[in-house]
Structure formats: C-alpha cells, structure tokens
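Participant: sequence? don't have it. structure:
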C-alpha cells in the first residue's frame with residue numbers, strides 16, 4: 001500500500017455512516033472508511049447468496065486431450081461479480097487438479113498511470129498527484145489438489161475440478177444454485193402444492209361419485225376443490 005494511506009475502518013465497531021460537521025476539515029481516512037463501509041455491506045449481501053468461485057454467467061469449461069478451454073463469463077469473487085476473460089490452459093500429468101482464478105491486488109499511482117493526475121485545467125491543483133487506485137487482476141490457472149497458490153500470483157479461487165484429464169465437478173450457475181432454490185423454497189412455503197397446467201376436472205351428470213380427479217367426502221358433506229390461483233372459484237360435486 002502507498003505511504004500516508006490511512007484507514008481506521010473496522011466492521012466490529014458497527015459505524016453506520018459518517019456524520020460530517022460544518023467547519024471541520026475533511027480527513028482522507030474518512031473517505032477511505034466510507035468506501036470500505038459500503039463495500040463491506042455489499043459483500044455481506046453477496047456472500048449471503050453466493051460463494052467465491054460461483055459462476056454467474058458463461059465460463060463454460062471443456063477439456064480435451066489435456067487442453068482446458070474456458071469461455072468468457074462472470075464469476076463471483078471477493079464480494080462482487082467479476083467479468084473474467086476466457087483462457088486456454090494445459091493440464092499437467094495425470095492426477096487431480098483444481099481449475100480456478102488467481103486474484104492479484106496491485107496499487108497504481110500517478111507514476112504507473114499519469115492519467116491519475118488532476119485533469120482540471122486552470123486550477124491550482126492541475127496535474128498534481130491525487131488518490132492512488134487499488135487494481136484487481138483475474139487470471140485462470142491450474143493447481144494440484146494440495147498445492148498452495150504461488151505468492152506472486154495472488155489468491156486462488158477454485159471453480160472446477162479435473163481428474164485424469166476429465167472434468168468431474170462443474171460449478172453450477174448462481175441462478176440455478178442459489179436464487180432458483182430460494183424462490184422454490186418461498187413458493188413451496190407460501191403456496192404449498194398447486195396446479196400449474198392440465199389436470200382439468202370433468203364431471204358427468206348422474207355420476208357424481210366419478211371424476212377424473214376424485215375428492216373425498218366426510219360425513220356426507222361435499223368437499224370443494226379450490227382453484228389456488230383464484231380461491232373464490234370452486235367446483236361443487238354434490239350433483
């Protein structure tokens with residue numbers, strides 16, 4: 001990290017927001033803390049639905065003759081959905097390997113990127129240095145099941161697993177793995193079972209005890225078969 005960078009943010013303090021007071025100077029630390037506070041809340045929300053390495057879109061993986069081909073796509077990593085370019089990799093000798101993404105952090109200053117200098121022409125601060133930037137780079141790679149990620153490549157997040165040159169575990173999309181499951185659970189708990197299509201009830205006069213869908217009677221009273229999508233509508237089988 002660059003020199004003279006200050007950040008006191010700690011999620012355990014439960015500070016909800018910064019309250020700026022008129023007449024007091026603005027601290028660079030306060031700006032850094034605002035960013036971390038917002039990013040932490042976004043990450044907590046994302047982590048409740050996804051885990052690092054979940055494929056959100058694309059990233060189809062195909063292995064043929066120990067050559068791994070991965071399409072462009074999007075993967076959830078470090079609290080956000082990241083756009084990941086495709087790649088072609090080679091699998092080492094037979095064995096079990098993890099195919100995943102290296103995430104490396106890098107601090108960029110005006111020395112590496114002169115465009116970060118103040119562009120406001122005609123001001124006293126024109127072309128002066130300002131805030132640095134934290135850059136993340138994402139690179140597909142292969143690691144054996146037990147190997148640690150090389151320090152110079154950053155953190156490693158597995159997405160797929162290959163064994164003896166074949167893909168054995170395919171990461172499901174986030175839509176199928178979390179959101180759809182949550183919607184299905186909500187639908188089941190709130191509506192129980194219901195008809196979506198078909199299973200129409202047919203009734204023939206004089207044969208009140210027969211129907212394509214049988215209903216139970218209790219103590220001679222007729223039960224009513226309710227349409228769950230319109231509870232006020234019903235079919236009376238009393239004849």
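Facilitator: Sure thing, it's come through. Because the structure is predicted, anything quoted here is derived from the model rather than measured.

Participant: tell me where the model's unsure across this protein.
Facilitator: Residues of the chain that meet the criterion pLDDT under 70 lie in 169-179, 194-195, 201-239.

Participant: what about the helices in it?
Facilitator: Ranges of helices in the chain, per DSSP state H, are 28-47, 174, 180-191.

Participant: out of those helices, which is the most enclosed?
Facilitator: Scoring the helices of the chain by mean neighbour count under mean count of other CB atoms under 10 Å gives helix 174 as the most buried, with a mean of 21. Backbone N, C-alpha and C define where each C-beta goes, glycine included.

Participant: related to what we said a few turns ago, can you put the helices of the chain in JSON lines and add distance to residue 155?
Facilitator: Shown next, in JSON lines, are the helices of the chain (distance: least, CB to CB, whole Å):
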{"stretch": "helix 28-47", "distance to residue 155": "15"}
{"stretch": "helix 174", "distance to residue 155": "20"}
{"stretch": "helix 180-191", "distance to residue 155": "27"}
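
Participant: closest one to residue 61 among those?
Facilitator: Taking CB to CB as the criterion, residue 61 comes closest to helix 174 out of the helices of the chain, the separation being 15.7 Å.

Participant: how close does residue 153 get to residue 138?
Facilitator: Residue 153 sits at a distance of 11 Å from residue 138 (criterion: CB to CB, to the nearest Å).

Participant: got any residues that touch both of those two?
Facilitator: When contacts are counted by CB atoms under 8 Å, 6 or more residues apart in numbering, residue 153 and residue 138 are jointly contacted by residue 102.

Participant: between those two, who's got more neighbours?
Facilitator: residue 138 (18 against 14; other CB atoms under 10 Å).

Participant: surely the more buried one touches residue 105?
Facilitator: No. The criterion here is CB atoms under 8 Å, and residue 138 misses it with residue 105 at 11.1 Å.
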